[in-house]
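In: coordinates only, sequence not included:
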Ligand SMILES: [Fe+2]
């Protein structure tokens, strides 16, 4: 039985290296201790190939301190700028990993580049669950559902848990705008349509973003704005901005943009659900395809 009036508690964790927000969604003080973990980070140093678990451990410590039980380990999309900590969190605390069924399109796009099919199933079996569009599920005492919000990538998914909306990179805070749309399968047109879906939610709903890049470093990183605030003030998709205006500016701003530093390691590890895949004599590798992107 879900509770319609209870609002989820949301704890955000900011990784300053990749400007990523990770979240734990739970019901504080409730008898139902089940929680969802969204978009965790595995720290990775591109020069040495070393991983660290400080970012994910902060999330794990919080969950342990609160006495929560991990029900879901969710991804909003295949991140291109950080490695997911989902496999590590799952290994430590359990829970079901999940992502949108549209991941299959992303797997199809990248398989001819990485040739990792031996340890990266094209059917998405590396995730415990792949969500259908509009699928309904629960997080502890809360009703939740997903909506497909493509644009930044073709598989971006928004998780709506009670009144809390986790958009990944589909939208950012009002003074930042939206996620770039120039990755394979990305589309500014789709991104505008997705923002319209999100902005049609009730004005009081809380939108939590996947990253924050405070303009000119003038404010501290934040993670939430209400739908009403986004409608009134989002610099790219707020009220009054037409699709044509948005698409023109988004494409112009994305043109020639630098590839994220961790793109190649991120995509291949994240497509495997956060693991480095098959080892050779106990050594795992990251592939760096030459002249392919
Ligand atoms: Fe992203």
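Out: Alright, I've got the coordinates. These figures come from a predicted structure and were not determined experimentally.
In: who in the stretch 151-293 of the chain is up against the ion?
Out: Residues of the stretch 151-293 of the chain lying close to the ion by Cβ under 5 Å from the ion are residue 169. For glycine as for every other residue, the C-beta is placed from the backbone atoms N, C-alpha and C.
In: and the gap between residue 25 and the ion?
Out: For residue 25, the distance to the ion (Cβ to the ion, to the nearest Å) stands at 19 Å.
In: helix, strand, or coil at the nearest residue to that residue once chain neighbours are set aside?
Out: Excluding its sequence neighbours, the residue lying closest to residue 25 (Cβ to Cβ, 6 or more residues apart in numbering) is residue 36, at 4.5 Å. Of the three states, residue 36 takes strand under DSSP: H, G, I helix; E, B strand; the rest coil.
In: in the sheet, who's paired with residue 36?
Out: residue 25, residue 72 (DSSP bridges).
In: which residue does the stretch 151-293 of the chain have closest to the ion?
Out: residue 169 (3.8 Å; Cβ to the ion).
In: OK, contacts around that residue?
Out: 76, 77, 152, 153, 156, 178, 179, 180, 209, 210, 211 (Cβ atoms under 8 Å, 6 or more residues apart in numbering).
In: do the same with residue 236
Out: Residue 236 neighbours (Cβ under 8 Å, 6+ apart): 177, 178, 195, 246, 249, 250.
In: repeat for residue 217
Out: No contacts exist for residue 217 under Cβ under 8 Å, 6+ apart.
In: now do the phi/psi pair for residue 137.
Out: For residue 137, the backbone dihedrals (degrees, to the nearest 10) come out as phi -150, psi -170.
In: which one is it nearest to, not counting chain neighbours?
Out: Nearest one to residue 137, counting by Cβ to Cβ, 6+ apart, is residue 144 at 5.2 Å.
In: how far away is that neighbour from the ion?
Out: 21 Å.
In: can I assume that residue sits in a strand?
Out: Yes - with three-state DSSP as the criterion, residue 144 is part of a strand.
In: that one touches residue 138, doesn't it?
Out: Yes - counting by Cβ atoms under 8 Å, residue 138 is a contact partner of residue 144 at 6.1 Å.
In: those two: which is more packed in?
Out: Taking other Cβ atoms under 10 Å, residue 144 and residue 138 do not tie; residue 144 has more neighbours (22 against 17).
In: can you check the pLDDT for that one?
Out: Looking at residue 144, its pLDDT is 98.
In: what's near enough to touch it?
Out: Residue 144 is in contact with 36, 136, 137, 138, 159, 160, 161, 162, counting by Cβ under 8 Å, 6+ apart.
In: what sits against the nearest residue to residue 67 once chain neighbours are set aside?
Out: Distance criterion Cβ to Cβ, 6+ apart; nearest residue to residue 67, sequence neighbours excluded, is residue 33 at 6.0 Å. Applying Cβ under 8 Å, 6+ apart, we find residue 33 in contact with 26, 66, 67, 68, 69, 140.
In: in the chain, where is pLDDT below threshold?
Out: 1-4 (pLDDT under 70).
In: let's see 80
Out: 1-5 (pLDDT under 80).
In: how about the helices in it?
Out: All helices of the chain, identified by DSSP state H, fall at 54-66, 86-93, 103-114, 188-199, 227-233, 243-254, 263-271.
In: most packed of those helices?
Out: By mean neighbour count, with neighbours taken as mean count of other Cβ atoms under 10 Å, helix 263-271 ranks first of the helices of the chain at a mean of 23.
In: now do that one: which elements does it pack against?
Out: Helices and strands touching helix 263-271, by 3 or more Cβ pairs under 8 Å, 6 or more residues apart in numbering; DSSP states H and E, are strand 83-84, helix 103-114.
In: how far off centre is it?
Out: How far helix 263-271 lies from its chain's middle: 13 Å, per Cα atoms, centre = their mean, to the nearest Å.
In: I am finished for the moment; much appreciated.
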